[in-house]
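[1] Could you look at this predicted model? Sequence included:
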Number of protein chains: 2
Amino acid sequence: MDYSLILSNITKHINLYKEEEEYFISLLHYKRVKKRQYLLEEGEVNTKLTFVTQGCLRSYAVDKNGGEHVLQFAPPNWWIVDMRSFIKQEPARLNIDAIEDSEVIYIMKTDMDELQIQVPKFERFGRILAQNAMASYQHRQIDNVTLSAIERYTSFCHLYPSLILTLPQKQVASYIGVTPEFLSKMLNTVVIK
Amino acid sequence: MDYSLILSNITKHINLYKEEEEYFISLLHYKRVKKRQYLLEEGEVNTKLTFVTQGCLRSYAVDKNGGEHVLQFAPPNWWIVDMRSFIKQEPARLNIDAIEDSEVIYIMKTDMDELQIQVPKFERFGRILAQNAMASYQHRQIDNVTLSAIERYTSFCHLYPSLILTLPQKQVASYIGVTPEFLSKMLNTVVIK
DNA sequence: CGTTCGTCTTAATCTACATTAACTCTCCCT
DNA sequence: AGGGAGAGTTAATGTAGATTAAGACGAACG
């Protein structure tokens, strides 16, 4: 199993001694996820903090008409979680599944709690991770309320420059908050052909 | 100066020794803020993490037509910050001002950084604070994409039950993402008079 | 290797909410 | 006390984006 990606993700923020690193690795689980396979379904409790090493996951919410609304994409080196469900251990409102065949590493909440007690540096890591996530959501919210649909599209292109090439257009539409039909129309009328 | 509110906010999550508490208090600043007075303006760097003890603050973004969009209200016992600006020390996209005459306690980022090094328990506190904030933004986002305007209004009433009584309706409208005119219409047609 | 399923497109129609404008009311400010 | 600004209301008209429907294309699968 290759843990280099997750270790570099963490050691960008904190330095670990060899034994701390080994202890951390002993808590990790590795999993292959097929396209469309769920890692979390609405109503379940989100017990795992998940890190993507291959492929791409997404989290999304479903409205009462069954429409799906993507909150986040997670390409390699990104974390994904329904945070309220994770910290309060209550039913999730989000679904998490794989957009393509993927590989993830996850750690159980109970192990994470223990890890943070045993190795307080992981408190710092968790803080930085959560602060970055909060900053992202704050700015996403700003984009959503201040930008038009086409501006949100270009903002998306800057945020996920690699994904825009590989992601089905309907997933992008779902993220920026329009129908696939409308995104198609925008892209084919705004751009000079 | 009365630090009991901020101390109880913190000791709900971590326990402090007397000297740690004193060190923490030595880093705090107290400030009265008049209605409409800014604590942060777009383009400035957000150097302060602010805690409200009296009154009510709000953070909001401005669109290119000058429209204001409220991201968060902060009644007593709430924290408020432009997180990206705070952690990266880059220009803020948010404005923070007082909706009514208020009193706040704030701590400088540089002091917070030092505090977290000197007293690692504050890493834990910061983590919990950021995780809760992230969870709130995630759920706000879910509400925004899955609920209609009137449903967002009732969701707001549950989130800020005390504020709904004191806040000008136009501030509520700005938070839920509709014009004051439309909120007025909704409230006077949906409810049986 | 044909068929079925998912993706993308185009176009007509529809709707939730915005915009504009005008009027009222209250509550400060001097 | 008078007047001006901000808050709320009502109603006409406007529009960004949804919905519905239909066809074209590619790729996955038996």
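    Looks like it came in fine. Numbering: from 1, shown residues only, chains lettered A, B, ... in the order given.

[2] Tell me where chain A has helices.
    For chain A, applying DSSP state H gives helices covering A:4-11, A:18-26, A:83-88, A:109-118, A:121-146, A:149-159, A:163-166, A:169-176, A:180-190.

[3] Any chance of CSV for these, columns mean pLDDT, distance to B:Ser136 and mean neighbour count?
    Quick note: C-beta positions are derived from backbone N, CA and C, even for glycine. Below are the helices of chain A laid out as CSV (pLDDT from 0 to 100; distance: least, Cβ to Cβ, whole Å; neighbours: other Cβ atoms under 10 Å in any protein chain shown):
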stretch, mean pLDDT, distance to B:Ser136, mean neighbour count
helix A:4-11, 96, 25, 15
helix A:18-26, 96, 29, 13
helix A:83-88, 98, 8, 20
helix A:109-118, 97, 19, 15
helix A:121-146, 96, 9, 21
helix A:149-159, 94, 21, 15
helix A:163-166, 89, 26, 13
helix A:169-176, 95, 20, 19
helix A:180-190, 89, 29, 13
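
[4] wait, which of those helices is closest to B:Gln116?
    Of all the helices of chain A, it is helix A:121-146 that lies closest to B:Gln116, at 7.3 Å by Cβ to Cβ.

[5] Please see if the closest one touches chain B.
    Yes. If you take Cβ under 8 Å from any Cβ of the partner chain as the test, helix A:121-146 does meet chain B, through A:123-124, A:126-127, A:130-135, A:137-142, A:144-146.

[6] Indicate which one of the helices of chain A is closest to B:Thr166.
    Comparing the helices of chain A under Cβ to Cβ, the one sitting nearest is helix A:121-146, at 23.1 Å.

[7] Return the residues of chain A in contact with DNA strand D.
    Neighbours of DNA strand D within chain A, by Cβ under 7 Å from any atom of the strand: A:Asn65, A:Gly67, A:Ser148, A:Ala149, A:Ile150, A:Gly177, A:Val178, A:Thr179, A:Glu181, A:Phe182.

[8] The fourth one is in contact with A:Ile176, isn't it?
    This points to A:Ala149. Yes. Look at A:Ala149 against A:Ile176 with Cβ atoms under 8 Å: they come within range, at 6.5 Å.

[9] what's the overlap in contacts for those two?
    A:Leu183 (Cβ atoms under 8 Å, 6 or more residues apart in numbering or on different chains).

[10] returning to what we had before: what's the closest of the helices of chain A to B:Ile105?
    Comparing these by their distance to B:Ile105 (Cβ to Cβ), the top pick is helix A:121-146, with 19.9 Å.

[11] quick one: that closest one to helix B:169-176, angle?
    Angle of helix A:121-146 versus helix B:169-176, following axes from the mean of the first three to the mean of the last three Cα atoms, to 10 degrees, is 110 degrees.

[12] tell me which parts of chain A are close to chain B?
    Counting by Cβ under 8 Å from any Cβ, the residues of chain A close to chain B are A:61-64, A:67, A:69, A:71, A:82-84, A:87-88, A:93-94, A:116, A:120, A:123-124, A:126-127, A:130-135, A:137-142, A:144-147, A:177.
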